[in-house]
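>>> could you look at this predicted model? Sequence included:
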Amino acid sequence: MSLTQALGTAAAGLKTAQGGLSLVAANVANAQTPGYVRKTTETATIAAGGDLVSVRLAAVNRIVDQYVQRQLRTEASGGSYAELRSLFYDRLQNIYADPNSATSIESVYNDFTTALQALTTNPSDYSTRVNVLSTAQAMAQQLNNMSADIQALRENAEQGLADCIRNANTCLQGLAKVNTQLTSSHIEDATRASLLDQRDYYLDQLSELMDIRVTEDAFDSVTVFTSSGIQLAGAEATTLSFDAQGMMSPGAQWSADPAKRQVGTIVVTNSAGGTMDLIETRSFRSGEIAAYLEMRDKVLVEAQTQLDELAASISRALSDVTTAGTPVTSGAQAGFDLDVSGLLAGNSVKVSWTDTLTGKLHSATLVRVDDPGALPLSDSLTSDPNDKVIGIDFSGGLAAAVAQMNAAFTGQVQFSNPSGTTLRVLDDGAASTADLVSASVTKTQTSLTGGTAELPFFMDGAQYYSGAVAGSYPQSVGFAGRITINPALLADPSRLVVYDTGTTSADQTRPNFLYDRLTTATQTFAPQTGIGSQTAPFSGSISSFLRQTMAQQGENAAGAAKLAEGQTMVVDALQQRLNEGAAVNIDEEMTTLLTLQTAYGANARVFSVVNEMLKTLLQMM
């Protein structure tokens, strides 16, 4: 080896050592930088004429276990989903409050029924009557506040979705940019390693927002898909958009039909301008976006439905009057006469009959509707899974309503209006294919002195609550946020007892009725509340329904917390495994630094000796 060759080799060694020192410095400086992966240098020898004559810096390697990294992204998506759900369930629990606290809805309801119980034993006492109304007002106000708080949580979820979409777009655009840079350069240097760090950082951030599938090509660029297979990023990034609706109401819900949708939806737009609704395609199954959607569109909607069902059950339990039909015959036909005077929108006629050929019992509920746009009605309007719900438009009068009733049946049950406001229901007579079992009419009592124990104790703002269906949803939706005490009752507390001209101030009939209806009377509750099921809806007293609701909410919160805790343990364990190789270890870097320092010193010494020898040779010439 010549002196000049030795000098070049020493210079190359110095350059290689210098590159290693720079990398150690970068590792130490970025030890706390999120997404930074520890890097090492890879050297290669240069041969000439069969001899090893020099050295070069061949590549900069990232120390990362890609299998663990992919697994961590999957679990991190689940961890973000579980953690956010747990947070929302905790907030929802705060709204319901501890069942044993004085501010919980269960305690406030019990205060109301306790005051009614006191009224049953001392109906003439003015202070007892006033206490009933004050506890009823406290309960109504609690329902109002809880409804407002639940909608505030839904607004929070809506805003959270908007933030997630902004962050997701930043990640997708960043990935597309990095992909372009990786594809255009194939040199394995520190710059490329830094680009890979950026790529992984964007993927890590995106995986916390949604569950994604990632494919990688030979140039280290990635293509990102949703779990449903929709491409989000590659050489170019798609754009996600979210049309946040701001204020949230109980009736505001997501729908695939843009005309019905009243909350924000997530749309992806590709480079060609094509669009697709990612909520409709169920593209989010994990991550923060999935958690926000579940809270906004399912969990909090169900919680609101439970409150609305509670408010509606309390109101209708005290105001609904159900009257059985009067038996009547007409030739070979038998049936019932019903008085439908005073029937409000939402009030109903229920008919039950037996099919004589099969022996099967059928029932149908005919609901008065004053808004034709609400037709047809859903069978879910009543809680009976075997009940057929038929909406009848009464805006054209009773005769037109009767025609609609007959059109809705196949002749086994026949309707007519023999006189006045009487609705006659008959079987098919000589055909003997159907036998009427019962017929009844349910009306909303609108007077405090109607001669019955029922009374309009609670109101829907300034309107009576009858369960009317108008527009796209029934009156029950959001009723918990609007329920209030009848102002006429507040003005005259004596009506808690006196319901007719002959009723004395000490009469216990109405107080006993109110107390029994709220504590022991059995009702069937809508399966949309999550209590019970479509085929077996929950039946019981209002008190038992409230206890079931509180218990379910507590169990859901505990389950969400347990899931979040377990998922956090998995994520932490995977993160620790990844950090064992990928994270910067200062002690290891110091060891590497000493090694490089020695190598640098040795190469510098060679450079110095060769330089001195060259000077000596020059002086001899």
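Cool, the structure landed. Numbers count the residues shown, from 1 in each chain.

>>> the closest residue in space to residue 345 that isn't next to it in sequence and residue 388: what is the separation?
Once flanking residues are discounted, residue 345 sits nearest to residue 468: 3.7 Å by C-beta to C-beta, 6 or more residues apart in numbering. For glycine as for every other residue, the C-beta is placed from the backbone atoms N, C-alpha and C. Computed as C-beta to C-beta, to the nearest Å, the residue 468 to residue 388 distance reads 19 Å.

>>> tell me which of these two has more neighbours.
Remark: of residue 468 and residue 388, residue 468 carries more neighbours, 22 against 16, as counted by other C-beta atoms under 10 Å.

>>> contact partners for the more buried one?
Under the criterion of C-beta atoms under 8 Å, 6 or more residues apart in numbering, the neighbours of residue 468 are 344-346, 369-370, 474-475.

>>> the same query, at a cut-off of 10 Å, please.
By C-beta atoms under 10 Å, 6 or more residues apart in numbering, the residues touching residue 468 are 344-347, 367-371, 374, 444, 460, 474-476.

>>> tell me the buried residues in stretch 447-458?
For stretch 447-458, burial by neighbour count (16 or more other C-beta atoms under 10 Å) applies to 448, 450, 453-458.

>>> same deal with stretch 474-488?
The neighbour-count check on stretch 474-488 (16+ other C-beta under 10 Å) flags 474-486 as buried.

>>> so residue 402 sits against residue 409, correct?
No - shown here, residue 402 and residue 409 do not form a contact pair, counting by C-beta atoms under 10 Å, at 11.4 Å.

>>> quick one, helices of the stretch 151-300 of the chain?
190-209, 287-294, 300-319 (DSSP state H, counting those that start in this stretch).

>>> out of those helices, nearest to residue 155?
In terms of C-beta to C-beta, the element of the helices of the stretch 151-300 of the chain nearest to residue 155 is helix 300-319, at 10.0 Å.

>>> give the next helix or strand downstream of that closest one.
As assigned by DSSP states H and E, the chain's next helix or strand after helix 300-319 is strand 320-324.

>>> what helices and strands are in contact with that following strand?
strand 333-339, strand 348-355, strand 434-444 (3 or more C-beta pairs under 10 Å, 6 or more residues apart in numbering; DSSP states H and E).

>>> average pLDDT across that strand?
Mean pLDDT, strand 320-324: 96.

>>> strands paired with that strand, and their directions?
Strand 320-324 has the following strand partners under DSSP bridges: strand 434-444 (antiparallel).

>>> run the chain-centre distance for the next helix or strand after the strand it pairs with.
Sequence-wise, the next helix or strand downstream of strand 434-444 (DSSP H and E) is strand 458-460. Mean-position distance between strand 458-460 and its chain equals 29 Å (C-alpha atoms, centre = their mean, to the nearest Å).

>>> do the same with stretch 184-202
Its chain's C-alpha centre and that of stretch 184-202 lie 38 Å apart, by C-alpha atoms, centre = their mean.

>>> quick check, residue 569 in a helix?
Yes - assessed with DSSP: H, G, I helix; E, B strand; the rest coil, residue 569 lies in a helix.

>>> can you report how many residues neighbour it?
Counted with other C-beta under 10 Å, residue 569 comes out at 11.

>>> kindly report the same for residue 341.
Burial of residue 341 is recorded as 12 neighbouring residues (other C-beta under 10 Å).

>>> what distance do you get for it to residue 446?
Applying C-beta to C-beta to residue 341 and residue 446 gives a distance of 12 Å.

>>> residue contacts, residue 216?
Residues near residue 216 by C-beta under 10 Å, 6+ apart: 66, 70, 199, 222-223.

>>> pull the helix or strand with minimum mean pLDDT from this protein.
In the chain, no helix or strand scores lower on mean pLDDT, DSSP states H and E than strand 51-62, which sits at a mean of 63.

>>> helix 190-209 and the very next helix or strand once past it, what's the angle between them?
Downstream of strand 51-62, the next assigned helix or strand under DSSP H and E is helix 66-96. Going by axes from the mean of the first three to the mean of the last three C-alpha atoms, to 10 degrees, helix 66-96 is angled at 30 degrees with respect to helix 190-209.

>>> and helix 66-96, what's buried?
Of the residues in helix 66-96, 68-69, 72-86, 88-89, 91-93, 95-96 count as buried by neighbour count, 16+ other C-beta under 10 Å.

>>> go on, stretch 235-244?
Neighbour counts over stretch 235-244 (16+ other C-beta under 10 Å) mark 237-240, 242 as buried.

>>> out of those residues, flag the one nearest to residue 171.
The closest of these to residue 171 turns out to be residue 237 (C-beta to C-beta; 8.8 Å).

>>> bridged to that closest one, which residues?
For residue 237, the beta-bridge partners under DSSP bridges are residue 233.

>>> OK, contacts around it?
Applying C-beta under 10 Å, 6+ apart to residue 237 gives the contacts 168-177, 179, 224, 231, 270-271.

>>> residue 497: which of those is nearest?
Lowest distance from residue 497 to the contacts of residue 237 (C-beta to C-beta) belongs to residue 168, with 62.2 Å.

>>> ok now do the closest one, which residues does it touch?
205-206, 209-210, 212, 232-233, 237, 239-240, 242, 266, 268, 287-289.

>>> who wins for neighbours among the residues you listed?
Ranked by neighbour count (other C-beta under 10 Å), these have residue 289 at the top, with 30 neighbours.

>>> check contacts around it.
Shown in contact with residue 289 (C-beta under 10 Å, 6+ apart): 77, 80-81, 84, 160-161, 164-165, 167-168, 208-211, 240, 242, 266, 278-279, 283.

>>> then residue 290?
Here residue 290 is in contact with 77-78, 80-81, 84-85, 164, 209-211, 227, 282-284 (criterion: C-beta under 10 Å, 6+ apart).

>>> reformat the residues you listed as CSV; add pLDDT and distance to residue 431.
Shown next, in CSV, are those (pLDDT from 0 to 100; distance: C-beta to C-beta, whole Å):
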residue, pLDDT, distance to residue 431
77, 94, 63
78, 94, 62
80, 96, 64
81, 96, 59
84, 97, 61
85, 96, 57
164, 96, 63
209, 96, 64
210, 95, 61
211, 94, 60
227, 88, 57
282, 93, 49
283, 93, 55
284, 94, 56
